[in-house]
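**Student:** From the sequence below, what's the structure:
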Amino acid sequence: MTDTSGMIERIITDVPSPRARLRGDAPATAEDIMRSAARKAAMLSGSLALPPGPIGMLTVLPDLFLIWKIQRQMVADLFGLYDRTAELTRTHMLYCLFRHAASLVLRDVAVRTGQRWVVTQMSVGVMRSTLGSLGMIVTQRAAGNAAGRWIPAIGAAAVASYAYWDTLQVAKTARKLLETPPASPG
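**Tutor:** Okay, here's the model as predicted:
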């Protein structure tokens, strides 16, 4: 594994402490958390996409890092809201962040081994292999963000819209995981 993929693995699989706690109105609060994170991601990404040309190109990697940070916190908050923080692993985080973007890679693994196993038992080797496959998707996402840097106003709106949509997809994946009953000890 190269230094770059190791750094990406550490960045995207870090599990932050949740800010949300178990509440009786969890579904409504979850919706608020999702929409708030999506708006925050859109504003951030759209703002970073405003500088034109080469200067704008310098914002691509910070944009990705900061969006992943928002999304990781959102996933942690959703798990905290449902009092399932103890179940949230690096593998869950990877699954939530990239299931929709890397559907071919992760669906292939899921079809062969079963979703439950992927989320609860994925070995470090399999996770690194999957991260290697995701490298191309990350590159494509960065290239798409970079392309938007050349046409500032239109590009910023497009990048912001994508960040909003992408964050909602991460949230939907997390909520689907939370719909499954907690793993029983044993």
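
**Student:** Would you mind giving both backbone torsions of Tyr82?
**Tutor:** phi -100, psi 10 (degrees, to the nearest 10).

**Student:** That one: neighbouring residues, count only.
**Tutor:** Counted with other CB atoms under 10 Å, residues neighbouring Tyr82 total 24. Every residue, glycine included, has its C-beta placed from N, CA and C.

**Student:** Report the separation between it and Tyr162.
**Tutor:** Going from Tyr82 to Tyr162 by CB to CB, to the nearest Å gives 28 Å.

**Student:** What are the buried residues along stretch 162-179?
**Tutor:** For stretch 162-179, a neighbour-count test (16 or more other CB atoms under 10 Å) marks 162-164, 166-171, 173-175, 177-178 as buried.

**Student:** Spell out the residue ranges of the helices in this structure.
**Tutor:** Chain-ordered helices for the chain, with DSSP state H as the definition, fall at 3-13, 26-48, 53-57, 60-81, 90-98, 103-113, 115-121, 124-148, 152-179.

**Student:** Next one, pLDDT for Val126 please.
**Tutor:** The score at Val126 is 56. That number is its pLDDT.

**Student:** show me the contacts for the nearest residue to Ser17 once chain neighbours are set aside.
**Tutor:** Closest residue to Ser17 apart from its sequence neighbours, by CB to CB, 6 or more residues apart in numbering: Ala76 at 6.7 Å. The contact partners of Ala76, by CB atoms under 8 Å, 6 or more residues apart in numbering, come to Val15, Pro16, Ser17, Pro18, Arg19, Thr85, Leu88.

**Student:** Quick one: buried ones out of the residues you listed?
**Tutor:** Val15, Pro18, Thr85, Leu88.

**Student:** There's contact between the first one and Glu87 in this structure, I believe.
**Tutor:** Which is Val15. No: contact between Val15 and Glu87 fails when scored by CB atoms under 8 Å: they sit 10.5 Å apart.

**Student:** And the pLDDT at Pro62?
**Tutor:** We have a pLDDT of 86 for Pro62.

**Student:** what's around it, how many residues?
**Tutor:** Around Pro62 there are 11 other residues, counting by other CB under 10 Å.

**Student:** got it, and the one 3 residues further on?
**Tutor:** The number of residues packed near Phe65 is 12, by other CB under 10 Å.

**Student:** do the one 10 residues further on as well
**Tutor:** Other residues near Val75 number 28, with proximity taken as other CB under 10 Å.

**Student:** what's near enough to touch it?
**Tutor:** Neighbouring residues of Val75 by CB under 8 Å, 6+ apart: Leu88, His92, Met93, Cys96, Leu97, Val170, Ala171, Ala174.

**Student:** residue ranges with poor pLDDT in the chain?
**Tutor:** Counting by pLDDT under 70, the chain has low-confidence residues at 1-8, 101-152, 183-186.

**Student:** try 80
**Tutor:** Applying pLDDT under 80 to the chain flags the ranges 1-13, 22-24, 52-57, 99-156, 181-186.

**Student:** Done for today, thanks.
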